[in-house]
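> Kindly return the folded structure for what I paste below:
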Amino acid sequence: MPESPDAWFYLACAAARLHRIDEASAALKECFGGAIKKCQEDEWQRRALATRDLDSFWCEEQQEI
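Residues are numbered from 1 along each chain as shown. Predicted structure coming up:
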């Protein structure tokens, strides 16, 4: 289900838990892309920020900046 933000979101969570930051980032981009098409981007961004599985992802991303 490539158009489904859900599938990409859960893939991003799994990749982040495995510390595969590049894969998590790519999956989140796909998730947000699907969410934009459904006019749900804000909902998915809030969900991503509130998901503990992605905590390590945010920390890694912040360290790279």
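
> which intervals of the protein have sub-threshold pLDDT?
1, 57-65 (pLDDT under 70).

> same thing but 50
For the chain, the stretches flagged by pLDDT under 50 are 64-65.

> in which helix or strand would I find the most centrally placed residue in it?
In the chain, the centroid-proximal residue (C-alpha atoms, centre = their mean) is residue 28; its distance is 3.0 Å. Counting by DSSP states H and E, the element that carries residue 28 is helix 21-37.

> same question, residue 10
helix 5-17.

> Next, the residues that contact that helix from outside, please.
The contact list for helix 5-17, computed with C-beta atoms under 8 Å, 6 or more residues apart in numbering, reads 1, 21, 23-25, 27-28, 30-32, 34-35, 38, 40, 44, 47-48, 51, 53-54, 56-57. Every C-beta, even on glycine, is put in place using the N, C-alpha and C of the backbone.

> Among those residues, name the buried ones.
Those of the contacts of helix 5-17 that meet the buried threshold are 21, 24-25, 27-28, 30-32, 34-35, 44, 47-48, 51, 53-54, 57, by 16 or more other C-beta atoms under 10 Å.

> tell me what the helix holding residue 28 is packed against?
Applying 3 or more C-beta pairs under 8 Å, 6 or more residues apart in numbering; DSSP states H and E, one finds that helix 21-37 makes contact with helix 5-17, helix 41-50, helix 55-64.

> could I have stretch 47-57 exported to PDB, CA atoms only?
What follows is stretch 47-57, C-alpha atoms only, in PDB (Å, rounded to 0.1, in the frame of the first residue of the first chain):
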ATOM      1  CA  ARG A  47       1.900  11.700  15.400                       C
ATOM      2  CA  ALA A  48       5.600  11.400  14.400                       C
ATOM      3  CA  LEU A  49       6.700  13.900  17.000                       C
ATOM      4  CA  ALA A  50       4.700  12.100  19.700                       C
ATOM      5  CA  THR A  51       5.900   8.600  18.900                       C
ATOM      6  CA  ARG A  52       8.500   7.200  21.300                       C
ATOM      7  CA  ASP A  53       9.900   4.900  18.600                       C
ATOM      8  CA  LEU A  54      11.100   7.900  16.700                       C
ATOM      9  CA  ASP A  55      12.800   9.600  19.700                       C
ATOM     10  CA  SER A  56      16.200   8.300  18.700                       C
ATOM     11  CA  PHE A  57      15.500   9.400  15.100                       C
END
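
> If anything else comes up later, I'll come back, but that's it for now.
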